[in-house]
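[1] fold the stuff below for me.
(one chain, ligands or ions: 1)
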Amino acid sequence: MSKEINVGIVGTKFMGRAHSNAFIDVAHFFDLPARPVLRAACGRNVSDLEAFAKRFGWQTTETSWERLVARDDIDLVDICTSNVTHMPIAVAAAKAGKHVFCEKPIAMNAEEARQMLDAACEANVRHMVAFNYRRVPAVMLAKQLIDEGKIGKVRHFNAVYYQDWLVDPNSHIVWRHDVKEGGSGAHGDMNAHTVDLARYLVGEIEAVCGAKEIFVKERPLADGSGMGIVTADDALYFIAKFRDGALGNFMATRFATGRKNYLRLEIFGSEGALIFNLERLNELEYYSRADEGKEQGFRNIVVTEESHPFISAWWPPGHIIGWEHTFIHEVRDLLLAVHRGESVYPDFYDGLRCQQVLDAALESAAEERWVEIPSEA
Ligand SMILES: NC(=O)c1ccc[n+]([C@@H]2O[C@H](COP(=O)([O-])OP(=O)(O)OC[C@H]3O[C@@H](n4cnc5c(N)ncnc54)[C@H](O)[C@@H]3O)[C@@H](O)[C@H]2O)c1
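    Predicted coordinates for the structure are as follows:
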């Protein structure tokens, strides 16, 4: 079996940088049976593309993703572009026999997500959605504690995801304001993460009821030539019923003044509780009803011990890790899966299930009623 996995990346900006860094760092910290090779980068702007390739060491460049996915020297296509492009690139890549790594939300809607899952299954290639918060060690520890029954039966999963980068009405229009490019706004961007975490930690969601708002309806165009119409939600909140009886609460907004990337989970069970905050990602708060007496209360676990998920590859206890490590962890698992010919999660099925919840919340907000999620994908 080959000792190299040749990667082709599409998209050179925020996620392009995060993923490039992950493919470079992963081999420095993890023992891998196959080494990622940064074979080709694809972008639309030639000078940005060349600068990106030079900075991160991508060996060659392409200005068309169609050419990139057709190349014989690419094994794995990494999709770091705006949401409207995910489905066509992923389907073409799978049909060309490439493994596919795709940023979240998986697609514009569940129908597209299904096409991606079908194409990947038919081609028998590995497929993964980049829900990187599943690979925060503290979130993985929360999963272990829930699975061990440490907090008993989960009653509540409350998730807030707050950012404030749109508070300024003069901040200009980007693709994230346009439903034709993103499918939705804060919802598909931020609730996609928390819905995936809800499915990972608690289980399937049965029904949702939501409300959304666009607070600033017009924004300046980037080139200063006038104003553009905002079509994607600035905020979308919804409540949810889980299949196993828990109640959930999901809040995504880009108007949470003062909050930068504040993703907080509160999980309350019959025997205990867990609290996680992405802005303090090395920590997990845990409360156990079994701890009786006057010392009872939440304890703060600093998730940097060798026994904690992924930490043995990094630093001694207390030497914290950061946001970029979550991408290194997911890329490590993806490369192992590609090498071994095994599945890796979250996969396109998870992307589709998440998308069904997102679609239902959008429908609910538009029609002002509860909407059920299909019981099967
Ligand atoms: N996992 C996370 O934490 C996280 C964070 C931010 C964004 N994302 C997701 O990553 C994806 C990209 O977001 P971003 O923030 O990097 O966006 P961005 O605007 O910073 O970059 C998008 C890139 O895609 C390129 N692109 C768009 N269409 C293209 C095409 N047809 N051919 C070639 N290149 C094309 C753009 O030129 C740009 O380089 C989105 O799906 C987004 O939701 C995930």
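
[2] and the stretch 151-300 of the chain, which residues reach the ligand?
    Residues of the stretch 151-300 of the chain lying near the ligand by C-beta under 6 Å from any ligand atom: D189. (Glycine included, C-beta is placed from N, CA and C.)

[3] and the strands in the stretch 151-300 of the chain, which stretches?
    Under the criterion DSSP state E, counting those that start in this stretch, the stretch 151-300 of the chain contains strands at 154-162, 205-213, 218-220, 227-229, 235-242, 247-253, 262-269, 272-277, 283-288, 299-302.

[4] between the ones you listed, which one is closest to A18.
    For those, distance to A18 was read as C-beta to C-beta. The smallest value, 15.9 Å, belongs to strand 262-269.

[5] partner strands of the closest one and their direction?
    strand 154-162 (antiparallel), strand 272-277 (antiparallel) (DSSP bridges).

[6] can you lay out the strands of the stretch 151-300 of the chain as JSON lines showing mean pLDDT and mean neighbour count?
    JSON lines is the format used below for the strands of the stretch 151-300 of the chain (pLDDT from 0 to 100; neighbours: other C-beta atoms under 10 Å):
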{"stretch": "strand 154-162", "mean pLDDT": "98", "mean neighbour count": "21"}
{"stretch": "strand 205-213", "mean pLDDT": "98", "mean neighbour count": "20"}
{"stretch": "strand 218-220", "mean pLDDT": "97", "mean neighbour count": "16"}
{"stretch": "strand 227-229", "mean pLDDT": "97", "mean neighbour count": "13"}
{"stretch": "strand 235-242", "mean pLDDT": "98", "mean neighbour count": "22"}
{"stretch": "strand 247-253", "mean pLDDT": "98", "mean neighbour count": "22"}
{"stretch": "strand 262-269", "mean pLDDT": "98", "mean neighbour count": "20"}
{"stretch": "strand 272-277", "mean pLDDT": "98", "mean neighbour count": "21"}
{"stretch": "strand 283-288", "mean pLDDT": "98", "mean neighbour count": "19"}
{"stretch": "strand 299-302", "mean pLDDT": "98", "mean neighbour count": "14"}
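
[7] wait, which of the strands paired with strand 262-269 is closest to A377?
    strand 154-162 (20.6 Å).

[8] which residues touch that closest one?
    146, 186, 190-191, 193-194, 197-198, 201-202, 240, 242, 244-253, 256, 259, 262-270 (C-beta atoms under 8 Å, 6 or more residues apart in numbering).

[9] rerun at 6 Å
    190, 194, 198, 202, 246-252, 256, 259, 262-269 (C-beta atoms under 6 Å, 6 or more residues apart in numbering).
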